[in-house]
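In: Just a sequence and a predicted model for now, questions to come.
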Protein chains: 2
Amino acid sequence: MALKIPGKSGRTCADGRHTEGSEQLETVKKTTIYDLAQLSGASPSTVSAALNGTWRERRIKESTVRQIQSIAAREGYRTNLQARGLRQSRSGLAGLIMPMYDNRFFASLAQSFEVEARRRGLCPITVSTHRDPEEEQRTAETLISYAVDSLFIAGATDPDAISRLCRDAGLRHVNVDLPGSLAPSVISDNLAGAVALTEAMFDAKPGADARLKGRIYFLGGREKDFATSERIAGFRKVVTRRSGDFASEQVVATGYNPETVARQAQVLFQNPETAPRALLVNSTIAFEGGLSFLGSLPPETVESLVVGCYDYDPFVRYLRFPVVMVRQDVEGLIREAFQLLTSEDTTPRIVKVNPALIAPG
Amino acid sequence: MALKIPGKSGRTCADGRHTEGSEQLETVKKTTIYDLAQLSGASPSTVSAALNGTWRERRIKESTVRQIQSIAAREGYRTNLQARGLRQSRSGLAGLIMPMYDNRFFASLAQSFEVEARRRGLCPITVSTHRDPEEEQRTAETLISYAVDSLFIAGATDPDAISRLCRDAGLRHVNVDLPGSLAPSVISDNLAGAVALTEAMFDAKPGADARLKGRIYFLGGREKDFATSERIAGFRKVVTRRSGDFASEQVVATGYNPETVARQAQVLFQNPETAPRALLVNSTIAFEGGLSFLGSLPPETVESLVVGCYDYDPFVRYLRFPVVMVRQDVEGLIREAFQLLTSEDTTPRIVKVNPALIAPG
DNA sequence: TAACCTTGCACTATCGATTGTGCAAAGCAA
DNA sequence: TTGCTTTGCACAATCGATAGTGCAAGGTTA
């Protein structure tokens, strides 16, 4: 499938220009407020005030300030933020801990997070932890040690463990996407999303209430997962109402692994009596597995199938068949998260944000 | 298309548990080496050495060390990394600046970066800048001010501007994906990739050399972009050789915007004499636009088309028609980047890493 | 002109670590 | 016992900023 492109070697060097070169990496001495004090004839504290904006309240003459500022600019002065952070025990950093980057949802989450953080004058910093609980802890500890001013914990395996760390450090934090019991949490309304998605699947073709009786399935995810269990509940609710009937076999949720999901789909289609007429796949990752199996079915079977995906990926819109998707309101999640963070009330609670239904086409 | 799911409101509160509550956020006083010194009867410097691993060379008795360590553990001591960083003028942080997260390539890049950084005992930190040159500069300055130990600059609009900032700060850095002239750079071998992709498109159906003469097009990207121009060169080289002919109209590269690309595709297909029989789309973003147009064509036209995409997305494999893709060797890029960074030689140069061809199916 | 207020800044402690240096006690050889 | 080396640690300076406080010079009011 993946072919290494035959080049001279796996690695090529070229273009050994020596235009400017960076000679003395270690020699550079960064200019400090003390240097500027020397140069301007003012004291370090005056220089500091002139440059950090507190000069008015410290009653420094405006002309002095301007002079210092121009010298600072000339010398290429940059505030040492570690020193400032140490003194103020704040850093101006806002941290986001996520499981991974290469997933539409988390990628957009990071994107929105950065926008909102910058809007608030914070420097956003993102670290992913690969769903490794220890890595999560270590990362949280590290960020705390750098005195981040706030921490967003998205999709952590153990949010409460991180909460405890934050609490010990007196650090404001929120859980996003996966709730915890020790801090405010913002999550998608998975139940509402699943209800809407399932309804949409029933409504996709006329006469579905009877046609889909016992033939609509929920595929992918883990029943114990908070989000999955809520989604299953929504699915079940609608199926029961529309079909007048619900069997536990209609839920196959034993993981996200694409290969596993593909196998499970295959099993579902084996018995023509009960073969799916509608398939709700939980997450794009599981969906990849579903797709790789559906590709092996005869086109007419696939065409007659109603497919839903609880997650969003733009390319899914261009598949051989229409797919109803649910997209989480990432901007909404982040906005609420910042709101929770800035509110005085830090009692643990859950705020739900409604996702959006993405119709096919 | 996107319907707000009708809930009671856009926002729901629930579950106002008061289990543990975090009362005194501001009150917490973090324990320092001075506290531990008090508790253990040792001096702060001894405590410091006991905890940071330098105790052997400072000739501290092992029993003392153990005692201090156990007290530290009991008190939940965490090193204040800002203080350490200030003193050592190093931070233990490795920074990555990227344009965005929600793109497979950059997402994987961040992922690989984190793995490699952790392997080297660094704390990886990623910030995206939305292709905004000023944001890039600001972010670089901020990271430098936090004394990151190294900086990876991926896909920056102006790598050299960032290089200058780094140089002034004596900071090791590399360019990734987009080369600069002031620092070592690691990039994909776009020419080789385009050559391989174009060849694969010619080889997709027998007798293509004649059939595709004047009917194979390059779509998307900007000719001035470094990567795009290299890819066009590769495309052109193969087309010229296989068709014995190449017209400048066969390249339509005026941006990545999906809507624009869709329009341009439409124009290409208007004249049946010259309508594309093969289409190489540059980047998945442009590909989205191409897809949305192809969806409007009669299925048989699309089926007979040979499609290539210079970029990778797993869902593209499940489209109505086969697509040859090129996937950049992200792990390779990052590995080379770290190598360049740790080498003593900081002269600007370019290292090329071969991408991989992903055959359809 | 005395008493007081305002302006404009300098001095100095402080944040929490690291690190060069000094020095007493213990150990050892002569 | 003397003199020297090693062991084990304490002291104090330092990184670069911020912030509380003090104080002289110039203005104002009575």
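Out: Ah, there it is.
In: What are the structural domain limits within chain A?
Out: What the record gives for chain A is the domain set A:33-79, A:89-183, A:190-327, from automatic domain parsing.
In: Redo the ones you listed as JSON lines? Include distance to chain B and mean neighbour count.
Out: From N, CA and C alone the C-beta is placed, and that goes for glycine too. Putting the domains of chain A into JSON lines (distance: least, C-beta to the nearest C-beta, whole Å; neighbours: other C-beta atoms under 10 Å in any protein chain shown) gives the following:
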{"stretch": "domain A:33-79", "distance to chain B": "5", "mean neighbour count": "16"}
{"stretch": "domain A:89-183", "distance to chain B": "4", "mean neighbour count": "22"}
{"stretch": "domain A:190-327", "distance to chain B": "4", "mean neighbour count": "19"}
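In: okay, the helix or strand where A:Gly234 lies in CSV with CA atoms only?
Out: In the assignment (DSSP states H and E), A:Gly234 maps to helix A:226-243. Extracted in CSV, the C-alpha atoms of helix A:226-243 (Å, rounded to 0.1, in the frame of the first residue of the first chain):
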residue,chain,number,x,y,z
PHE,A,226,-19.2,8.3,29.6
ALA,A,227,-19.9,9.8,26.2
THR,A,228,-20.7,6.4,24.6
SER,A,229,-23.1,5.4,27.3
GLU,A,230,-25.0,8.7,26.9
ARG,A,231,-25.1,8.2,23.2
ILE,A,232,-26.4,4.7,23.5
ALA,A,233,-29.1,6.0,25.9
GLY,A,234,-30.3,8.5,23.3
PHE,A,235,-30.1,5.8,20.5
ARG,A,236,-32.1,3.4,22.6
LYS,A,237,-34.7,6.0,23.5
VAL,A,238,-35.5,6.9,19.9
VAL,A,239,-35.3,3.3,18.7
THR,A,240,-37.7,2.2,21.4
ARG,A,241,-40.2,4.9,20.5
ARG,A,242,-40.0,4.6,16.8
SER,A,243,-39.7,0.8,16.5
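In: what pLDDT, on average, does it get?
Out: Mean per-residue pLDDT for helix A:226-243: 96.
In: Now tell me what touches it from outside.
Out: Under the contact criterion C-beta atoms under 8 Å, 6 or more residues apart in numbering or on different chains, helix A:226-243 has outside partners A:177-179, A:187-188, A:190-195, A:197-199, A:202, A:208-209, A:212-214, A:216, A:218, A:221-223, A:245-246, A:250-251, A:253, A:280, A:282, A:310.
In: Mind checking which of these are in helices?
Out: Among the contacts of helix A:226-243, the members falling in helices (DSSP state H) are A:190-195, A:197-199, A:202, A:208-209.
In: those helices in chain A, which residues are they?
Out: Remark: helices assigned in chain A by DSSP H are A:33-40, A:44-52, A:62-75, A:81-88, A:104-119, A:133-145, A:159-169, A:190-204, A:208-211, A:226-243, A:258-270, A:284-294, A:299-304, A:330-342.
In: Adding distance to B:Leu36, write those helices out as JSON lines.
Out: As requested, these are exported to JSON lines (distance: least, C-beta to C-beta, whole Å):
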{"stretch": "helix A:33-40", "distance to B:Leu36": "31"}
{"stretch": "helix A:44-52", "distance to B:Leu36": "31"}
{"stretch": "helix A:62-75", "distance to B:Leu36": "39"}
{"stretch": "helix A:81-88", "distance to B:Leu36": "18"}
{"stretch": "helix A:104-119", "distance to B:Leu36": "34"}
{"stretch": "helix A:133-145", "distance to B:Leu36": "16"}
{"stretch": "helix A:159-169", "distance to B:Leu36": "16"}
{"stretch": "helix A:190-204", "distance to B:Leu36": "46"}
{"stretch": "helix A:208-211", "distance to B:Leu36": "68"}
{"stretch": "helix A:226-243", "distance to B:Leu36": "39"}
{"stretch": "helix A:258-270", "distance to B:Leu36": "50"}
{"stretch": "helix A:284-294", "distance to B:Leu36": "46"}
{"stretch": "helix A:299-304", "distance to B:Leu36": "66"}
{"stretch": "helix A:330-342", "distance to B:Leu36": "31"}
